[in-house]
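Enquirer: Sharing a model that was predicted from the sequence below.
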Amino acid sequence: MTLDMDFVRGQFPAFQEPSLQGQAFFENAGGSYTCRQVIDRLTRYYTQRKVQPYAPYAASELAGAEMDEARARLAAMMGVATEELSFGPSTTQNTYVLAQAFRQFLKPGEAIVVTNQDHEANTGPWRRLAESGIEVREWRINPQTGHLDPADLEQLLDENVRLVCFPHCSNVVGEINPVTEITALSHAAGAFVCVDGVSYAPHGLPNVGDLGPDIYLFSAYKTYGPHQGLMVVRRELGALLPNQAHYFNADCLYKRFTPAGPDHAQMAASAGMADYIEALNAHHGGPAEGAAEQAAFVHDLMRAHEIALLQPLLDAVKTRNDLRLLGPAEAEKRAPTVALALNRPAEPVARQLGEYGVMAGGGDFYAVRALTAMGVDPEQGVLRLSFTHYTSPEEVETLIAALDQVL
């Protein structure tokens, strides 16, 4: 089974937008196009239901029901309980709040593990726990490949480690880390696990229940949705961590770690992400029942399409002597987020690509620690070429040809 690209692209108004015609979008790691189902729900909420939710009148009841629907359906697709999924202003904000909960929970002398492969949002807040006497241990990447070796993590784990934080995949290295293996290692040592899934979730919604971490975070605006942060906190850990919300919300798991709360309209519109996954599943003859099973079917469709498109791009750049490909050269091992270290600043090169109809980005992408560890000057940055399942083979061909011209 392969993706029906006409059907897929028909779900995204951006591909019918006149001002975007003739341009290939390769900055999806910074934020994806939004699917029609999300836009329709957001428009409906703002026009029909933009009232305080959960009050005893029709418009308010509909508003609250649609917010509840988003949580219930997406949680089911991710294999977790409805109450274990929270919505907040952003993944950065959600991570910061969690770090404050752990600041109160951990004792001086206890330890956490962070990596230098992360986006700063999933390492900076945890590293600042050192100010409260918490030992911070760094699980370091291979400086040549950017790889995180689980064997190196084993050397860091002991009875003092209470938390291990790492990305499902890095936003510059791209390699998909073995979440289940790392989680099992960490749990065996008595540590909880926090996974940053921001760079992975757009390539297929993960089944967090099967993967096993205690915390999983990702951003809806990079997963075809609105600008909200989605956060799974498993029930057992959530009950242990100190409440960060209003005291009277302490007994509600999905409110305990989002003191600012979600944007009501955007949370309601997030149900459109579930609509889209269900539409893809039905169109391609996927499972008739089971939210997690349908999401898994769509996940595999997306990954197969992306792998097929990614390998030609990797083949085109991996042997060039005027750049350095960060991360694996095998498409099966990584997400389609390809960072290239050039022999010159990256941002002007991205601007040049725009002249050939390619939308891409250049910079450090908040992965300063990872770039520095690999010997890349963050001031020069990297050229990042990122796509997702709605990208076409023709667009990848356009990108490769434009790279040849610009480089």
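Expert: Yep, that arrived.
Enquirer: Could you confirm residue 54 falls within a helix?
Expert: No. Counting by DSSP: H, G, I helix; E, B strand; the rest coil, residue 54 is not found in a helix; it is coil.
Enquirer: Please name the residues that touch it.
Expert: Contacts for residue 54 were tallied using C-beta atoms under 8 Å, 6 or more residues apart in numbering; they are 60-61, 63-64. Heads up, the C-betas are built off the backbone N, CA and C, glycines and all.
Enquirer: can you do 6 Å?
Expert: Contacts of residue 54 were listed using C-beta atoms under 6 Å, 6 or more residues apart in numbering, and they are residue 64.
Enquirer: which residues sit in contact with the nearest residue to residue 235 once chain neighbours are set aside?
Expert: Excluding the flanking residues, the one nearest residue 235 by C-beta to C-beta, 6 or more residues apart in numbering is residue 84, at 5.9 Å. Residues in contact with residue 84, defined by C-beta under 6 Å, 6+ apart, are 232, 234-235.
Enquirer: cool, residue 168 as well?
Expert: The contact partners of residue 168, by C-beta under 6 Å, 6+ apart, come to 179, 195, 197, 200.
Enquirer: quick one, phi psi at it?
Expert: Per-residue torsions, residue 168: phi -60, psi -40 (degrees, to the nearest 10).
Enquirer: Closest to residue 99 out of the contacts of residue 168?
Expert: residue 195 (14.7 Å; C-beta to C-beta).
Enquirer: Give me the distance between the residue nearest to residue 235 and residue 309.
Expert: Separation of residue 84 from residue 309 (C-beta to C-beta, to the nearest Å) stands at 34 Å.
Enquirer: again with residue 370
Expert: 24 Å.
Enquirer: Name the residue in these two with the higher neighbour count.
Expert: residue 370 (29 against 21; other C-beta atoms under 10 Å).
Enquirer: With only the CA atoms kept, save stretch 279-286 in PDB.
Expert: Included here for stretch 279-286 are C-alpha records, laid out as PDB according to Å, rounded to 0.1, in the frame of the first residue of the first chain:
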ATOM      1  CA  ALA A 279      -9.500  10.000   6.800                       C
ATOM      2  CA  LEU A 280      -6.100   8.600   5.600                       C
ATOM      3  CA  ASN A 281      -6.800   5.300   7.200                       C
ATOM      4  CA  ALA A 282     -10.300   4.900   5.600                       C
ATOM      5  CA  HIS A 283      -9.100   6.100   2.200                       C
ATOM      6  CA  HIS A 284      -6.300   3.600   2.100                       C
ATOM      7  CA  GLY A 285      -8.300   0.600   3.400                       C
ATOM      8  CA  GLY A 286      -6.900   0.500   6.900                       C
END
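Enquirer: So which bits of it are buried?
Expert: Across stretch 279-286, burial judged by 16 or more other C-beta atoms under 10 Å covers 279-281, 284, 286.
Enquirer: can you check stretch 162-181 too?
Expert: Per 16+ other C-beta under 10 Å, stretch 162-181 contains these buried residues: 162-177, 179.
Enquirer: Straight-line length of that stretch, end to end?
Expert: Stretch 162-181 has an end-to-end distance of 17 Å (C-alpha to C-alpha, to the nearest Å).
Enquirer: swap in stretch 73-89?
Expert: Using C-alpha to C-alpha, the end-to-end distance of stretch 73-89 comes out at 19 Å.
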